[in-house]
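*Asks:* I would like the atomic coordinates for the input below:
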Amino acid sequence: MHLKHIPRWLFVIGLIAVILSTLVLASTSATVQEDTDAKDKTEKLFSLLQKANVTMVEIFRQLRADAKTIPQASLTEYNQALTLTSEAESLMQAGNYSEAESKIIQALQKLKKALSIIYTTVPEQPTETELAFETAAQLKSSIDRYSEQLQRIENLTCFATAAGFNTTTLENQIQTIKALLDNAASNTAQKRFEAASVNLAEAKVLIEKLVNALTDIAVNLKIQRLQTYIAQTEVRLATIKETATSLSNIASLTALNNAETSLNTAKEYLEKQKINETLSELANSRASEEEAVAYLKPVTSSSNLTSSRAPSAVQVP
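*Replies:* Residues are numbered from 1 along each chain as shown. The predicted model follows:
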């Protein structure tokens, strides 16, 4: 006999609860029907107790067969139920059916307590079907997750191709991963879970390689954009400096010197691929550039030098 996962336990507990409800109804009935046969009623209740005990014994047997430890608290409650059962039987033999009925109710309550302890402390053992369903669900979730990740990778690869990078190797790996995910889905559907797991493990390794490769490409793209921005900034600063020099605008020239210093520092950081530091220095350079342009505005407003020869700073990429 194999106990089912959770429904079986709930059924047994429900059974005990029904038995107790029957006892309560029977007890209530006894108070209003004087002609009730006390002996017959108590014997029927005792029979219910015996059946509940058989159920409990079978549960203990199954737990031991599954190499599970029965909680001591449950055993204690069960032993107390056995003692109460023995006392109820003695009272019945002596004809004291009222006291026997009370002992039976107490015994059933003890059995219910013993079973409740098991239900809340002993780990459940899922069936083979449940295990297969859970495994299949986990594998399908991994397949879906990798497929979504691969789609993002494929989109980035297309962008890298458009930017002029050689992505032939990446594209071949993407096709390999797609084949692995298709195989994993097929193996999962046919319950070849081990094979599906192998497919996913191989796909994961290739995906990680693709991510690393695309990270390098992203850095290179960022570097290219920053290099372009620095070159454009150098042109702008030279134009502004020419104007500031012709006007002998010391404040503007000082701001330009600060802008050039920050720009040169940014170039040094970029050579070391320190992107965050590069961006920080470019922000400083931009602020100084805008300051230099601002100092020129009152002087060049009449000649429109600012608009024709000193363009405003652009956004850092």
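*Asks:* quick one, domains of this protein?
*Replies:* 7-121, 128-317 (automatic domain parsing).
*Asks:* okay if I get those as TSV plus mean pLDDT and mean neighbour count?
*Replies:* Any C-beta I mention is one placed from the backbone N, CA and C, and that applies to glycine too. Shown next, in TSV, are those (pLDDT from 0 to 100; neighbours: other CB atoms under 10 Å):
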stretch	mean pLDDT	mean neighbour count
domain 7-121	76	16
domain 128-317	85	16
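*Asks:* Can you tell me the closest non-neighbouring residue to A114?
*Replies:* Spatially, and ignoring its direct neighbours in sequence, A114 is nearest to E77 (3.8 Å; CB to CB, 6 or more residues apart in numbering).
*Asks:* Now do the host helix or strand of L206: distance to the chain's middle.
*Replies:* Element membership for L206, per DSSP states H and E: helix 193-246. The chain centroid and the centroid of helix 193-246 are separated by 30 Å, computed with CA atoms, centre = their mean, to the nearest Å.
*Asks:* Kindly report the same for stretch 159-178.
*Replies:* Distance, stretch centre to chain centre, for stretch 159-178: 30 Å (CA atoms, centre = their mean).
*Asks:* Pull the residues that contact the helix or strand harbouring Q175.
*Replies:* Assigned by DSSP H and E, Q175 belongs to helix 168-189. In this structure, residues lying in contact with helix 168-189 by CB atoms under 8 Å, 6 or more residues apart in numbering are 136, 139-140, 142-143, 146-147, 150, 153-154, 157, 160, 193, 195-196, 199-200, 202-203, 206-207, 209-210, 213-214.
*Asks:* before we move on, back to that, was I right to think the residue nearest to A114 contacts A107?
*Replies:* No. Look at E77 against A107 with CB atoms under 8 Å: they stay out of range, at 10.2 Å.
*Asks:* and E99, how far is that from E268?
*Replies:* E99 is 97 Å from E268, where distance means CB to CB, to the nearest Å.
*Asks:* And Y146, by the same measure?
*Replies:* From Y146 across to E268, the span is 41 Å (CB to CB).
*Asks:* Could you do T254 as well?
*Replies:* For T254, the distance to E268 equals 22 Å [CB to CB].
*Asks:* now L206
*Replies:* Look at L206 and E268: by CB to CB, they are 37 Å apart.
*Asks:* follow-up on the earlier one: residues touching the residue nearest to A114, list them.
*Replies:* Here E77 is in contact with K110, L111, K113, A114, I117 (CB under 8 Å, 6+ apart).
*Asks:* Likewise for Y295?
*Replies:* Contact analysis of Y295 by CB under 8 Å, 6+ apart lists A244, N249, A251, S252, A255.
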